[in-house]
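Student: Let's see this in three dimensions:
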Amino acid sequence: MRIALYQPEIPGNVGAILRLAACFSAAVDIIEPCGFVFSDARLKRAGMDYISHVEIVRHPDWDAFCTALKGRLILLSSKASTRLTDFEFAAGDSLLMGQESAGVPDTVRDRCDASVRIPLNPAVRSLNISVATGIALSEALRQTGNLPA
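Tutor: Below you'll find the predicted structure:
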């Protein structure tokens, strides 16, 4: 299972997702450009001592990511009609998270194999991206029998 971050904007969210990925043994693809200066020092600070426990692949752009992609690409979107728990995940899936402020453009959405949403109270708009990633990754790993022991 992989987590793909499309042009992330907030370094603290990337750090939280890297910790999450380390804890659940998931790889992380970072699709640039990022909305912040992406350096090894900042990455180490954001990921703390968890950084050595996660496979991180940086892609210079969307096309480079698509070229390297193996398996299905599943977009997490508040606009999707399929509920997270109604979708059947596969072990080789990549969970795509959009930008914190804008999600993903239609060209990216169109490339995805499926879009799913986390059911929320209709009075609120969305979750923080790192929280949403944690919920989606946990459900995907549960379904595929790959939660850590």
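Student: Return the set of buried residues in stretch 93-102.
Tutor: Residues of stretch 93-102 classed as buried under the neighbour-count rule (16 or more other CB atoms under 10 Å) are D93, S94, L95, L96, M97, G98, Q99, E100. Quick note: C-beta positions are derived from backbone N, CA and C, even for glycine.
Student: State the pair within the residues you listed that is farthest apart.
Tutor: Between any two of these, the greatest separation by CB to CB is 21.8 Å, found for D93 and E100.
Student: from the buried residues of stretch 93-102, which is closest to R19?
Tutor: The nearest one, if we look at the buried residues of stretch 93-102 relative to R19 and count by CB to CB, is M97, at 14.8 Å.
Student: bridging residues for that closest one?
Tutor: M97 has these beta-bridge partners by DSSP bridges: L5, L76.
Student: Hmm, it is touching E9, no?
Tutor: No: if you go by CB atoms under 8 Å, M97 and E9 don't touch, sitting 11.3 Å apart.
Student: Many thanks, we can stop here.
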